[in-house]
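Novice: coords please:
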Amino acid sequence: MAAPRVVRSDEEIRAAWEAAQGRSQFCRKLDIGYNPVAAARLCAQAGLDYPAPHWGYRSLPQPKLPDPAEQVARDTELQRAKDERDRLRAQYRASLREANLHRELLELAREAWKPYAPAPVVAPKVAKSALREDAVLSWADWHGGEVVDYDVMQGYNAYDPAIMCRRAQYTVDTTLELLFARHVGTTFERLWVLDLGDSINGDLLDEAKATNALPVNESMRLVAHVRARALTELAAYLPVTYIAVPGNHARRSPKMQWKLPTETGDWLIAEMVGDLCRENERIQCVSPKSWSVNVEIRDHVHALNHGTTMAKGGFGGISWYSIQRSDGKLTALESARGRHVNFRWLGHIHQRAEIPAMDGEGELFVVGSLKGGDEYALYGLQSYSGPRQQLVGCHEKTGVSWRYPLFVKFGDEKPSRYEDLLS
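Specialist: Numbering: from 1, shown residues only. Take a look at the predicted model:
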C-alpha cells in the first residue's frame with residue numbers, strides 16, 4: 001500500500017518558505033521530515049522557488065574584492081612588520097649574548113680584583129713596660145713601572161718592578177722587626193702608613209714612555225696590589241691606618257691641575273687599595289680629595305703633602321730655603337685661623353732630611369724615595385741619594401719619640417713574595 005501523499009495549503013507552504021533558513025528547517029516547519037522530494041513538490045504547488053534564494057550560503061553577502069593598490073599597501077606594511085619583528089629578534093639574541101659576555105667579564109674582573117682576606121691576627125705582644133705608642137711608616141716616591149738602568153747609573157742604583165716589590169717588602173719586614181724585636185718594652189697600639197705620592201712614574205715624559213717597564217694602568221694595578229698586600233700583612237700584628245696624598249708624576253696633564261686633586265693616578269691607587277682591603281676591619285684607608293691632609297696622632301698634628309711646590313729650588317740638593325719659607329707661610333696662615341701643625345711630611349725631592357720647623361717647636365720630615373737616585377739626578381744634577389723610607393714612633397709627650405731611616409736597598413738581593421703579582 002502506497003504512503004499517503006503530503007498535502008499542505010499554499011498559505012502554510014509560503015509561511016514556512018519565508019521563515020526557514022534552509023531545506024531542513026523548511027521541512028521541519030511543514031512537519032514532513034527531511035523529504036526534499038515532497039518539499040520541492042510543495043514549493044512548486046505554491047509557485048515558490050526551491051530552494052529559496054535566501055536559504056543557506058545564498059543569503060550571505062558576497063565579499064567585496066579589495067582594491068589592488070590597497071592590497072599592495074597592506075602586504076607591504078605586513079612585510080615591514082615581519083622584517084621589524086625579525087630585526088628585533090636578532091637584536092634581542094645579540095643582547096643576550098652580550099649580556100652573557102658582560103657577566104663573564106664581570107666575574108673575571110671580580111676574581112682579579114677581589115679583596116684580600118684578612119691575615120690571621122698574631123697574638124699581641126706583652127711589653128716589658130707600661131709604655132704605649134703609635135708608629136708611623138712613611139712611603140714616598142715609589143715610581144712604580146719605572147726602570148733605572150744599572151749600567152747607565154754606573155752601578156750606583158738599579159730599579160724595576162721586581163726591585164720595587166723587594167724594597168716594599170723590606171719596609172714591611174723591617175717595620176715589624178723594629179717594632180716587635182727591638183722595642184720590646186713598648187706596646188704599639190696603631191701603625192699609621194703615610195703615602196706621600198708619586199706612586200707611579202707616569203708617562204708625561206718621552207723618556208718615561210720609552211723606558212718604563214709597564215704602562216700606566218698596569219703600574220697602578222701593581223702598586224695597588226703590593227700596598228694592599230703589605231697593609232694586610234702589617235694588620236695581622238696591629239691596627240693600621242693608611243692615608244694617601246697625591247703627587248705630581250701620576251697626573252694626566254702637562255701642568256698641575258690644582259683644582260682637581262682626584263685627577264691623578266695617586267688618588268685612584270689609594271682608592272684601589274681601600275677597595276682591596278675593604279673586608280679587613282683592622283685596616284682603615286683614607287684617600288682625601290685634597291693635595292694635603294692633617295691627621296692627629298697621639299695629640300700631635302701631622303700635615304701630609306707631596307712637596308711639589310714646597311721643595312722648589314735647591315738645584316742638585318735639598319731646597320732648604322724654599323721648604324722653610326713655605327713652612328713659615330703655612331704656619332702664619334694656620335695660626336691666624338687657630339690651627340697648629342707639629343710635624344710636616346714631604347717627599348718629592350728623593351732625598352731624606354729632617355728640618356726644624358719655623359715655629360721653633362715642630363719638625364719637617366723629608367722622606368727619601370723607594371726608587372732612589374736615577375739618571376736625571378746623576379747626569380742632570382750631578383747628585384745621588386740612595387733609596388730610603390722612614391719609620392718613627394709617636395708619643396703624647398714628645399710627638400715623635402724615635403726615628404729610623406729604612407735603607408730599603410738592603411732588600412734588593414732577596415726575591416720578594418710580592419713578585420708573583422708581576423705574572
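
Novice: can you map out the strands along the stretch 301-423 of the chain?
Specialist: 343-346, 353-356, 363-366, 389-395, 399-406 (DSSP state E, counting those that start in this stretch).

Novice: In CSV: those strands, plus distance to Tyr50, mean neighbour count and mean pLDDT.
Specialist: From N, CA and C alone the C-beta is placed, and that goes for glycine too. Putting those into CSV (distance: least, Cβ to Cβ, whole Å; neighbours: other Cβ atoms under 10 Å; pLDDT from 0 to 100) gives the following:
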stretch, distance to Tyr50, mean neighbour count, mean pLDDT
strand 343-346, 118, 25, 96
strand 353-356, 127, 15, 90
strand 363-366, 122, 22, 94
strand 389-395, 118, 23, 98
strand 399-406, 121, 18, 97
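
Novice: Need those strands in TSV (columns: distance to Thr174).
Specialist: Below are those laid out as TSV (distance: least, Cβ to Cβ, whole Å):
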stretch	distance to Thr174
strand 343-346	19
strand 353-356	19
strand 363-366	17
strand 389-395	8
strand 399-406	6
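
Novice: for Arg298, phi and psi?
Specialist: phi 50, psi 50 (degrees, to the nearest 10).

Novice: check contacts around it.
Specialist: Contacts for Arg298 (Cβ atoms under 8 Å, 6 or more residues apart in numbering) come out as Glu133, Asp134, Cys394, His395, Glu396, Gly399.

Novice: quick check, Leu260 in a helix?
Specialist: No - according to DSSP: H, G, I helix; E, B strand; the rest coil, the state of Leu260 is coil, so it is not within a helix.

Novice: Next, count neighbours for it.
Specialist: 14 (other Cβ atoms under 10 Å).

Novice: What does it show for phi and psi?
Specialist: The phi/psi pair for Leu260 (degrees, to the nearest 10) is phi -130, psi 70.

Novice: For it, report the pLDDT, please.
Specialist: On pLDDT, Leu260 comes in at 93.

Novice: Against Pro215, how distant is it?
Specialist: Counting by Cβ to Cβ, to the nearest Å, the separation of Leu260 from Pro215 is 22 Å.

Novice: for Gln71, same thing?
Specialist: 64 Å.

Novice: Low-confidence bits of this structure, can you list those?
Specialist: 1-3, 57-63, 312-317 (pLDDT under 70).

Novice: how about the helices of it, start to end?
Specialist: Assigned helices in the chain, in chain order: 10-19, 23-30, 36-45, 68-112, 161-177, 206-211, 216-235, 265-276, 320-336, 375 (criterion: DSSP state H).

Novice: got TSV for those, with distance to Arg388 and mean neighbour count too?
Specialist: Shown next, in TSV, are the helices of the chain (distance: least, Cβ to Cβ, whole Å; neighbours: other Cβ atoms under 10 Å):
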stretch	distance to Arg388	mean neighbour count
helix 10-19	118	15
helix 23-30	114	18
helix 36-45	121	16
helix 68-112	33	10
helix 161-177	10	21
helix 206-211	22	12
helix 216-235	17	23
helix 265-276	20	23
helix 320-336	17	15
helix 375	19	15
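
Novice: could you dump these to JSON lines with distance to Ile283?
Specialist: Shown next, in JSON lines, are the helices of the chain (distance: least, Cβ to Cβ, whole Å):
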{"stretch": "helix 10-19", "distance to Ile283": "98"}
{"stretch": "helix 23-30", "distance to Ile283": "95"}
{"stretch": "helix 36-45", "distance to Ile283": "102"}
{"stretch": "helix 68-112", "distance to Ile283": "20"}
{"stretch": "helix 161-177", "distance to Ile283": "13"}
{"stretch": "helix 206-211", "distance to Ile283": "31"}
{"stretch": "helix 216-235", "distance to Ile283": "5"}
{"stretch": "helix 265-276", "distance to Ile283": "9"}
{"stretch": "helix 320-336", "distance to Ile283": "30"}
{"stretch": "helix 375", "distance to Ile283": "36"}
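
Novice: Quick one, which of those gets closest to Glu354.
Specialist: When the helices of the chain are compared by Cβ to Cβ, helix 320-336 sits nearest Glu354, at 11.2 Å.

Novice: elements contacting the closest one?
Specialist: Counting contacts by 3 or more Cβ pairs under 8 Å, 6 or more residues apart in numbering; DSSP states H and E, helix 320-336 packs against strand 343-346, strand 353-356, strand 363-366.

Novice: ok, now with 6 Å
Specialist: Other helices and strands packing on helix 320-336, by 3 or more Cβ pairs under 6 Å, 6 or more residues apart in numbering; DSSP states H and E, are absent; none qualifies.

Novice: tell me how far that helix is from the chain's mean position?
Specialist: Centre-to-centre, helix 320-336 and its host chain are 38 Å apart (Cα atoms, centre = their mean, to the nearest Å).
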